[in-house]
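> the following comprises the amino acid sequence and a computationally predicted model.
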Amino acid sequence: MSQNAAVTTPTGPVLSDRHVDPHAYPQGLAFLDGQYLPMSQAKISVLDWGFLHSDATYDTVHVWDGSFFRLDLHLDRFFGGLEKLRMTIPFDRYGVTEILHNCVALSGHRAAYVEMLCTRGASPTFSRDPRQAVNRFMAFAVPFGSVANAEQLRRGLHVAISDKVRIPPASIDPAIKNYHWLDLVRGLYDAYDRGAETALILDFNGNVAEGPGFNVFLVKDGKLSTPAVGVLPGITRRTVFDLCAEAGLSAAAVDVGVAALKAADEVFITSTAGGIMPVTAIDDAPVADRNVGPITSRLMGLYWKKHQDPAWSSPVRYP
């Protein structure tokens, strides 16, 4: 049983908090070295560059009600990351798609968090030359989990803005989804120390960047804005732009200052792990009247409704 078990609501998933062994592996299935394995048996060498140096790329897609959501976009980003990092895997898009479908189908999950990843791998001679490493592909499917729990989705998240700075794009291309999270983790601890539930950190110009695993949007006078520089171009972030285009709403990627975020009429965050999630307090100050705003609510509803659209979703091939 997942600690955060998903249940259906009119606007999407709400997660119920259930006690489980914190050291237990989630119930799911992994693909590794040509085999499908229980999550507890999917392991890599301590000499893998993915472990030693965070030298890896990955992507995550979710399954809801038995269908992948926007899988093609996630595959685009994953294969783009492989190319930029000069990694190769023995599977093309069709092969990876088959593996992801199999991980979900064999796990039996109707709501799942699904990851594909590639590490640099290990060198047979423990060489420091990355060209000597054998790249390693793996994938897994575990129960769906969200950045925000049931209560937070109802009343909105409390976010703190940390002074930690996101790794600049000149160092690591944010379009390559990666495991370099120490800046984000340090920001999280800043947030926890201040009684908040999650964090936003800054870009190299002192503007708002992103949080651990999510992008942020603000609404002001009916118009939406999201940070433009130094952030992962998230698939859910792109989905918000697509929904706004259909709904006749204005949305733009721009520099977002801390003062502008705090003065917003509405704020929400976006992630594959949870979709569109409201923020109703920043640094202990309420966003507007501390209620989930009308545009946020509207977009949340549209987002989950799109999960029924065959142009956006692809059914898992269960046995």
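Here it is on my side, so go on.
> mind giving me the packing neighbours of whichever helix or strand Gly301 is part of?
For Gly301, the host element (DSSP states H and E) is helix 294-305. The contact analysis (3 or more C-beta pairs under 8 Å, 6 or more residues apart in numbering; DSSP states H and E) places helix 294-305 against strand 12-17, helix 235-247, strand 266-271, strand 275-282. (C-beta placed from N, C-alpha, C; glycine too.)
> for Val114, which three-state class applies?
strand (DSSP: H, G, I helix; E, B strand; the rest coil).
> what's the burial count for it?
By other C-beta atoms under 10 Å, the residues close to Val114 number 27.
> hang on, isn't Tyr58 packed against Glu115?
Yes: between Tyr58 and Glu115 a contact is recorded at 5.8 Å, counting by C-beta atoms under 8 Å.
> Ile99 contacts Ala139, correct?
Yes: the pair formed by Ile99 and Ala139 meets the contact definition of C-beta under 8 Å, at 5.2 Å.
> more neighbours: these two, which one.
Ala139 (24 against 20).
> and Thr280, how many residues sit next to it?
22.
> and Tyr189, what helix or strand is that in?
Using DSSP H and E, the element containing Tyr189 is helix 182-193.
> for Val159, same thing?
Val159 belongs to strand 157-165, assigned by DSSP H and E.
> list the contacts of that strand.
The contact list for strand 157-165 (C-beta atoms under 8 Å, 6 or more residues apart in numbering) reads 148, 183-184, 186-188, 190-191, 194-204, 208-209, 211, 258, 261, 267, 269, 277-284.
> filter those to the buried ones?
Among the contacts of strand 157-165, the ones that count as buried by 16 or more other C-beta atoms under 10 Å are 148, 183-184, 187-188, 190-191, 196-203, 208-209, 211, 258, 261, 267, 269, 277-282.
> if we can go back for a sec, intersection of neighbour lists for Ile99 and Ala139?
By C-beta under 8 Å, 6+ apart, the residues touching both Ile99 and Ala139 are 31, 116.
> contacts only, for Glu115.
58-60, 139-141.
> please state the offset of the helix or strand just after the helix holding Tyr189 from the chain centre?
In the C-terminal direction, the helix or strand that comes right after helix 182-193 (DSSP H and E) is strand 198-202. Put simply, strand 198-202 sits 15 Å off its chain's centre (C-alpha atoms, centre = their mean, to the nearest Å).
> swap in stretch 158-167?
17 Å.
> tell me which helix or strand in this structure has the weakest average pLDDT.
strand 4-9 (a mean of 41; mean pLDDT, DSSP states H and E).
> re the thing from before, compare the contacts of Glu115 and tell me which is most surrounded.
In those, the most neighbours by other C-beta under 10 Å go to Ala141, 31 neighbours.
> my read: that one touches Val114, true?
Yes: taking C-beta under 8 Å as the definition, Ala141 is a contact partner of Val114 at 4.7 Å.
> give me the common contacts of those two.
63, 100, 103-104.
> what does the helix holding Tyr189 contact?
By C-beta under 8 Å, 6+ apart, helix 182-193 touches 159-160, 162-167, 197-201, 211-213.
> re the thing from before, between the shared contacts of Ala141 and Val114, which is nearest Pro310?
Among those, Val63 lies closest to Pro310 (C-beta to C-beta), at 14.9 Å.
> contacts only, for the closest one.
Per C-beta under 8 Å, 6+ apart, neighbours of Val63: 69, 104, 109-112, 114, 141, 144, 316.
> and the helix or strand where it lies, which strands flank it?
Using DSSP H and E, Val63 maps to strand 56-64. Note on strand 56-64: by DSSP bridges, its sheet partners are strand 67-69 (antiparallel), strand 112-122 (antiparallel).
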